[in-house]
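>>> Return a 3D structure for these sequence lines:
(one chain, ligands or ions: 2)
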Amino acid sequence: MKEVAIIGGTGYGAIELIRLLGSHEYMHINKIISHSRYGERLAMFYPHLTEFYDDPMEELDIDRLKEEVDIIFFATPAGVAKDIVPKFCDSSVQCIDLSGDLRLQSRKVYETWYEKEAAPQATLDNAIYGLPEMYKEKIRNAKVISNPGCFPTSALLGLIPAIEHQIISPHSIIIDGKTGVSGAGGKATTMTHYSETNENVKPYKIGAHQHIPEIEQYLSAIATEEIKTTFTTHLIPMTRGLICTMYATLEKRVTTKEVIHLYQSYYEAHPFVRVREEGSFPTTKEVCGSNFCDIGIHVNERTNQIIIASVIDNLVKGASGQAIQNANLMNGWDEDHGLQNIPIYP
Ligand SMILES: NC(=O)C1=CN([C@@H]2O[C@H](COP(=O)(O)OP(=O)(O)OC[C@H]3O[C@@H](n4cnc5c(N)ncnc54)[C@H](OP(=O)(O)O)[C@@H]3O)[C@@H](O)[C@H]2O)C=CC1
Ligand SMILES: CC(=O)N[C@@H](CCC(=O)OP(=O)(O)O)C(=O)O
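Numbers count the residues shown, from 1 in each chain. Ligands and ions are numbered 1, 2, ... in the order given. Modelled structure (predicted):
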């Protein structure tokens, strides 16, 4: 049994980790660290957790964490993990950061898009990008994981096979993202409160989204050339779920059936990616509460374009579920341990 700490206790990422770890046989939540509410019980803020986690939350204490836990999940905003993760480099503690702090290899690029000081270069160099469908072997041997962003998870899983097999022009990609409100975390803001989001679809961070450099960095790694994309994000009136509908110009003459067959073979060994049959496109509800990424594909022979839709639950495959998938791989457990639940439908 490995002992686990979660930092960022009162946030959505943390409570989703608690929900998912409830059915994990090899990880035990030893402590929940809260910056704002240490000493208090999490169930005071989230009564649905009553009897699932009733210990008081604790203040951050690096030495105690080093002595008492094996794995730390950082469910904190950007700018927090970059200062704490380096303090564990002399210990055996595994660190999994759900924020964007360790995802970009270049400090300069991070500082441009996040407008914060970047992590030390040595920490960035040490962190493995936790997208198991791309870097499974590296993750198995990692000690520090940068868990991917929610939109990059959906977009990359939808695009990787097409780029790797040179089906599409990597310079023609347009990614249209739509997300539920829980993607913005637990704090109510003017952007997310009810009267702003109800019966509304709101484009946001156009041309400035922090996931643009992340998507481009990993697409470029697959294509082995520098790729730029057009990526837009929309806030839609639902709680969970995210869809990236993506468009690109075909480089080869292929049919929908052929591309679907290629994607199905590509993801055969990856338990959380499900590729739909021809004519079926996934909806966000079909993955709700689960770690699945469902992908639908259509080749538009009339316009020589491909349309790929990729859906995830932003809090599961987009954050806490993927973090647990990474912990499973890092510790030699089955990749899907604790994550085998059927999506919540309807
Ligand atoms: N929500 C989502 O769908 C996704 C989130 N992420 C990323 O995961 C991380 C967590 O997200 P989420 O849980 O939704 O965010 P929340 O805003 O809901 O929670 C973050 C928590 O971090 C703690 N915190 C806030 N400020 C500080 C600070 N200055 N120092 C230390 N701790 C602080 C707070 O908890 P406390 O005061 O109890 O410590 C807060 O509740 C973020 O980096 C987010 O970008 C990634 C993918 C998807
Ligand atoms: C609705 C909403 O605001 N969603 C967030 C999702 C980003 C996120 O959760 O995570 P990282 O910044 O850690 O990648 C956004 O679009 O910025």
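>>> For ligand 2, what's the nearest residue on the stretch 151-300 of the chain?
Gly183 (3.1 Å; Cβ to the nearest ligand atom). Where you see a C-beta, it was placed from the backbone N, CA and C, and this is true even at glycine.
>>> where's the nearest residue to that residue once chain neighbours are set aside relative to ligand 2, distance?
Nearest residue to Gly183, sequence neighbours excluded (Cβ to Cβ, 6 or more residues apart in numbering): Asn314, at 4.7 Å. Look at Asn314 and ligand 2: by Cβ to the nearest ligand atom, to the nearest Å, they are 7 Å apart.
>>> residues touching the most far-flung residue of the chain relative to its centre, list them.
The C-alpha centroid of the chain is most remote from Arg302, which lies 34.3 Å away (Cα atoms, centre = their mean). Applying Cβ atoms under 8 Å, 6 or more residues apart in numbering to Arg302 gives no contacts.
>>> quick revisit: kindly provide the distance from the residue nearest to Gly183 to His48.
Asn314 is 19 Å from His48, where distance means Cβ to Cβ, to the nearest Å.
>>> you'd agree Ile243 is in a strand?
Yes. Per DSSP: H, G, I helix; E, B strand; the rest coil, Ile243 lies within a strand segment.
>>> ok, it touching Thr284?
Yes. The pair Ile243 and Thr284 passes the contact test of Cβ atoms under 8 Å, sitting 5.7 Å apart.
>>> Compare Asn314 and His48 (neighbour count), which wins?
When Asn314 and His48 are compared for neighbours, Asn314 comes out ahead with 28 against 9, by other Cβ atoms under 10 Å.
>>> how about the residues of this structure near ligand 2?
Residues of the chain lying near ligand 2 by Cβ under 6 Å from any ligand atom: 99-100, 149-150, 179, 183-184, 210-211, 233, 235.
>>> Sort out for me which of those are in strands.
179, 233, 235 (DSSP state E).
>>> closest to Ile167 among the residues you listed?
Thr233 (25.2 Å; Cβ to Cβ).
>>> still on that earlier bit, is the residue farthest from the centre of the chain in a helix, a strand, or coil?
coil.
>>> Give me the pLDDT for it.
If you check Arg302, the pLDDT there is 96.
>>> In the stretch 1-150 of the chain, which residue sits closest to ligand 2?
Among the residues of the stretch 1-150 of the chain, Gly149 lies closest to ligand 2, at 3.1 Å counting by Cβ to the nearest ligand atom.
>>> Please report the number of neighbouring residues for that residue.
Around Gly149 there are 23 residues (other Cβ under 10 Å).
>>> more crowded one of Ile243 and Thr284?
Ile243 (26 against 21).
>>> So what sits opposite the more buried one in the bridge?
Under DSSP bridges, the beta-bridge partners of Ile243 are Lys178, Val311.
>>> what's near enough to touch it?
Residues near Ile243 by Cβ under 8 Å, 6+ apart: 154, 177-178, 282-284, 309-311.
>>> coming back round to it: in contact with the residue of the stretch 1-150 of the chain closest to ligand 2, which residues?
100, 103, 210-211, 214, 318.
>>> For the residues of the chain next to ligand 2, give me CSV that also has pLDDT.
Below are those laid out as CSV (pLDDT from 0 to 100):
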residue, pLDDT
Ser99, 98
Gly100, 98
Gly149, 98
Cys150, 98
Thr179, 98
Gly183, 97
Ala184, 96
Gln210, 98
His211, 98
Thr233, 98
Leu235, 98
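>>> Just the buried residues from the contacts of Ile243, in PyMOL please.
In PyMOL syntax, the buried subset of the contacts of Ile243 is picked out as below (16 or more other Cβ atoms under 10 Å):
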select buried, resi 154+177+178+282+284+309+310+311
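>>> want to try TSV for the contacts of Ile243, with pLDDT and distance to His171 as columns?
Shown next, in TSV, are those (pLDDT from 0 to 100; distance: Cβ to Cβ, whole Å):
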residue	pLDDT	distance to His171
Ser154	98	21
Gly177	98	19
Lys178	98	24
Pro282	98	26
Thr283	98	30
Thr284	98	29
Ala309	98	21
Ser310	98	20
Val311	98	25
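>>> for the contacts of Ile243, which one is nearest ligand 1?
Distance to ligand 1 across the contacts of Ile243 (Cβ to the nearest ligand atom) is lowest for Ser154, with 10.6 Å.
>>> I'd say the closest one and Gly318 touch.
Yes. Checked against Cβ under 8 Å, the pair Ser154 and Gly318 is within contact range at 7.1 Å.
>>> Can you point out the buried residues in stretch 63-82?
By neighbour count on 16+ other Cβ under 10 Å, the buried set for stretch 63-82 is 65, 69-82.
>>> What separation is there between the residue of the stretch 1-150 of the chain closest to ligand 2 and Ala43?
Gly149 is 29 Å from Ala43, by Cβ to Cβ.
>>> name the helices or strands packed onto the lowest-mean-pLDDT helix or strand in the chain?
Using mean pLDDT, DSSP states H and E, helix 194-197 stands out as the lowest-scoring helix or strand of the chain, at a mean of 95. Packing partners of helix 194-197 (3 or more Cβ pairs under 8 Å, 6 or more residues apart in numbering; DSSP states H and E): none among the helices and strands.
>>> going on from it, what's the next piece of helix or strand?
strand 202-204 (DSSP states H and E).
>>> How about Gly338: what's its closest non-neighbour residue?
Nearest residue to Gly338, sequence neighbours excluded (Cβ to Cβ, 6+ apart): His24, at 3.6 Å.
>>> Understood, closing this out.
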